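# Can you look at this prediction? I've put the sequence above it.
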Amino acid sequence: MFKRILIANRGEIALRILRACRELGVEAVCVYSEADKDAPYLKLADRAICIGPPPAKESYLNIARIIAAAEIADVDAIHPGYGFLSERPEFAAACRDCKIEFIGPSPEAMARLGDKVACKKAAKEAGVPVFPGSPDAIEDEEEAVKIAKQIGYPVIIKASAGGGGRGMRVCHDEAALRANIKAASTEAQAAFGNGAVFIEKFLEKAQHVEIQVIGDKHGGAIHLWERNCTIQRRHQKLIEEAPSPGLARDKIRPVAEAAVRLIQLAKYHGAATCEFLMDSKGDFYMLEVNTRVQVEHPVTELITGVDIVKTMIRVCAGEKLPYTQAQIGQPRGHAIECRINAEDPARNFMPQPGQVTTWHPPGGPGVRMDTHVVTGYVVPKFYDSMVAKLLVHADTRDECMDRTARALKEFKVEPIKTTIPLHLRLMNEPDVRANKTDIHWLERLLK
């Protein structure tokens with residue numbers, strides 16, 4: 001096991017990793033920008049090192065400064081969390097070059113699965129169902145038009161690197177495709193430093209289902225069943241639940257097993273998520289692989305009992321997976337995660353930076369709060385607006401939704417606006433209760 005780990009992230013995921021280190025008996029070093037210098041969780045770290053000014057490109061995205069902090073603190077490993085540098089192969093490579101273990105996949109495995117075009121080829125080899133579309137990145141507009149005619153409209157343009165909806169355009173006809181192909185490439189280049197894009201068949205109504213997998217350095221790999229992330233806005237997830245409502249185990253099992261084959265093919269170690277869209281017939285098509293721990297990983301922890309962050313650290317330290325697939329067994333109960341963002345839904349989700357003078361989180365049976373916020377905390381304007389993840393577990397989905405609604409009513413945050421009222425509304429929406437949503441349902445509701 002490692003002696004000392006540097007946490008190359010901030011906020012709730014930094015605190016989550018820090019707690020995992022504590023339970024493993026590993027020292028934790030946190031880095032922080034000048035905007036986060038008063039973050040309460042820094043006091044829990046064995047050491048905290050400032051890595052630069054508030055802008056992420058000068059701090060949390062600055063590889064040289066993070067590596068320098070790691071060398072100053074003499075750490076054995078770096079955990080990147082999610083976002084920032086977590087899916088940058090060049091960061092994983094820099095860690096390896098400096099003889100620091102990257103708590104995640106090798107740069108080669110990350111590049112293979114993180115690039116959507118390369119990943120799609122590997123998925124076909126592993127028997128994972130994929131969307132019909134371009135086999136490689138699109139070279140020119142006419143090529144895109146030709147492929148779109150073959151697979152039929154609507155189609156979606158996607159960035160080969162990165163995610164989060166950037167470099168993504170839905171096109172319902174040739175005119176829209178021609179108008180958007182260059183814009184999508186330009187956006188992808190600005191966001192990820194890679195302007196490569198490809199096109200796929202687009203499902204108008206689909207559910208978003210993802211498989212959590214973990215691999216070790218000895219060729220072992222398991223899945224931890226699935227999560228449903230269908231309720232989202234502009235490709236950003238708001239609510240996640242597990243297991244996916246109404247999905248039979250014999251339907252999801254072959255998809256989960258294919259996801260395991262994919263990461264074994266890539267010689268992948270660490271946590272990964274294989275994301276799929278499921279159509280109205282129950283057929284699956286892979287979207288991408290996230291080569292990191294997901295924001296919504298605690299939902300899976302609640303239905304399996306597996307500590308995903310600690311398991312990541314263990315396998316990256318060279319240990320074998322502590323569980324077999326048989327030991328994972330079936331999902332236990334139902335879990336829901338609400339991402340609580342400092343945003344005002346009534347004003348087109350405008351970010352709400354500022355000081356939190358009232359912070360009263362909920363509690364009670366089956367309620368878990370993952371957050372770094374306390375009373376007096378100042379939400380900075382420089383980073384993602386998520387301030388907490390409310391997680392609830394119960395025996396059945398209906399009980400879980402009732403418990404989530406109860407917890408949301410208890411949750412008081414002032415004076416900034418948050419998404420709590422929207423989450424409460426969603427818990428009482430008939431379509432949500434009846435599982436009659438799709439990936440565009442929330443946007444239609446908000447209109």
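Great, that's in hand. Residues are numbered from 1 along each chain as shown.

# Just checking the distance from the helix or strand containing Ile13 to the centre of its chain.
Ile13 belongs to helix 11-24 when assigned by DSSP states H and E. Centre-to-centre, helix 11-24 and its host chain are 17 Å apart (Cα atoms, centre = their mean, to the nearest Å).

# Also stretch 48-57?
23 Å.

# What would that stretch look like as PDB? C-alpha coordinates only.
Taking C-alpha atoms only, stretch 48-57 is exported to PDB below (Å, rounded to 0.1, in the frame of the first residue of the first chain):
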ATOM      1  CA  ALA A  48      -1.900  21.300   2.000                       C
ATOM      2  CA  ILE A  49       0.100  23.000  -0.800                       C
ATOM      3  CA  CYS A  50      -1.000  26.000  -2.800                       C
ATOM      4  CA  ILE A  51      -0.600  25.400  -6.600                       C
ATOM      5  CA  GLY A  52      -1.600  28.800  -8.000                       C
ATOM      6  CA  PRO A  53      -4.200  31.500  -8.700                       C
ATOM      7  CA  PRO A  54      -8.000  30.700  -8.900                       C
ATOM      8  CA  PRO A  55      -8.200  30.000 -12.700                       C
ATOM      9  CA  ALA A  56      -8.100  26.300 -13.200                       C
ATOM     10  CA  LYS A  57      -5.600  26.500 -16.000                       C
END
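
# per-residue confidence averaged over that stretch?
Average pLDDT, stretch 48-57: 98.

# What separation do you get for Gly204 and Leu277?
Small correction: residue 204 is Glu, not Gly. Distance of Glu204 to Leu277, given as Cβ to Cβ, to the nearest Å: 11 Å. All C-beta atoms are positioned from the backbone trio N, CA, C, and that covers glycine.

# Give me the contacts around the helix holding Ile13.
By Cβ atoms under 8 Å, 6 or more residues apart in numbering, the residues outside helix 11-24 that reach it are 1, 5, 7, 9, 27-28, 30, 39, 41, 44-45, 79, 81-83, 293, 295, 307, 309-310, 313-314, 370-372, 383-384, 386-389.

# Name whatever forms a beta bridge with Glu337.
In this entry, Glu337 is beta-bridged to Glu240, Leu391, by DSSP bridges.

# pLDDT at it, what is it?
On pLDDT, Glu337 comes in at 98.

# what about it, neighbour count?
As a burial measure, Glu337 scores 27 neighbours (other Cβ atoms under 10 Å).

# Let me know the secondary structure of the residue of the chain most remote from its centre.
Note on the chain: the largest C-alpha distance from the chain mean falls to Glu142, namely 34.0 Å (Cα atoms, centre = their mean). Glu142 falls in the helix class when you classify it by DSSP: H, G, I helix; E, B strand; the rest coil.

# For it, list the residues it contacts.
Going by Cβ under 8 Å, 6+ apart, Glu142 touches no other residue.

# Now do it against Ala184, distance only.
In terms of Cβ to Cβ, Glu142 sits 16 Å off from Ala184.

# can you check Leu262 too?
Distance, Leu262 to Ala184, using Cβ to Cβ: 26 Å.

# Quick check on those two: which one has the bigger neighbour count.
Neighbours were counted for Leu262 and for Ala184 using other Cβ under 10 Å; Leu262 has more, 27 against 24.

# SS state for that one?
helix.

# cool, Phe198 as well?
Of the three states, Phe198 takes strand under three-state DSSP.

# who's it bridged to?
Lys158.

# How about Ala221?
Beta-bridge pairing for Ala221 (DSSP bridges): Gly215.

# Report the rounded mean pLDDT for stretch 99-119.
Taken as a whole, stretch 99-119 has a mean pLDDT of 95.

# list the buried ones in that stretch?
Neighbour-count burial for stretch 99-119 flags 100-107, 109-119 (criterion: 16 or more other Cβ atoms under 10 Å).

# And for stretch 199-208?
By neighbour count with 16+ other Cβ under 10 Å, stretch 199-208 contains the buried residues 199-203, 206-208.

# Most widely separated two among the residues you listed?
Ile199 and Gln207 (21.7 Å; Cβ to Cβ).

# His360 is in contact with Glu414, isn't it?
No: using Cβ atoms under 8 Å, His360 makes no contact with Glu414, being 9.0 Å away.

# intersection of neighbour lists for the two?
Going by Cβ under 8 Å, 6+ apart, no residue sits against His360 while also sitting against Glu414.

# Just the buried subset of the contacts of helix 11-24, written out for ChimeraX, thanks.
Typed into ChimeraX, the line below selects the buried ones among the contacts of helix 11-24, using 16+ other Cβ under 10 Å:
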select :5,7,9,27,28,30,39,41,45,79,81,82,83,293,295,307,309,310,313,314,370,371,372,383,384,386,387,388,389
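
# Identify those among the contacts of helix 11-24 that sit within strands.
5, 7, 27-28, 30, 79, 370-371, 386-389 (DSSP state E).

# Across the sheet, point out what pairs with the closest residue to Asp74 other than its chain neighbours.
In this structure, Asp74 finds its nearest non-sequential neighbour in Arg4, 6.7 Å apart by Cβ to Cβ, 6 or more residues apart in numbering. Taking DSSP bridges as the rule, Arg4 bridges to Glu27.

# Tell me how many other residues crowd Arg4.
Arg4: 17 surrounding residues under other Cβ under 10 Å.

# Which residues are in contact with it?
Each residue near Arg4 by Cβ under 8 Å, 6+ apart is listed here: 26-29, 46, 73-77.
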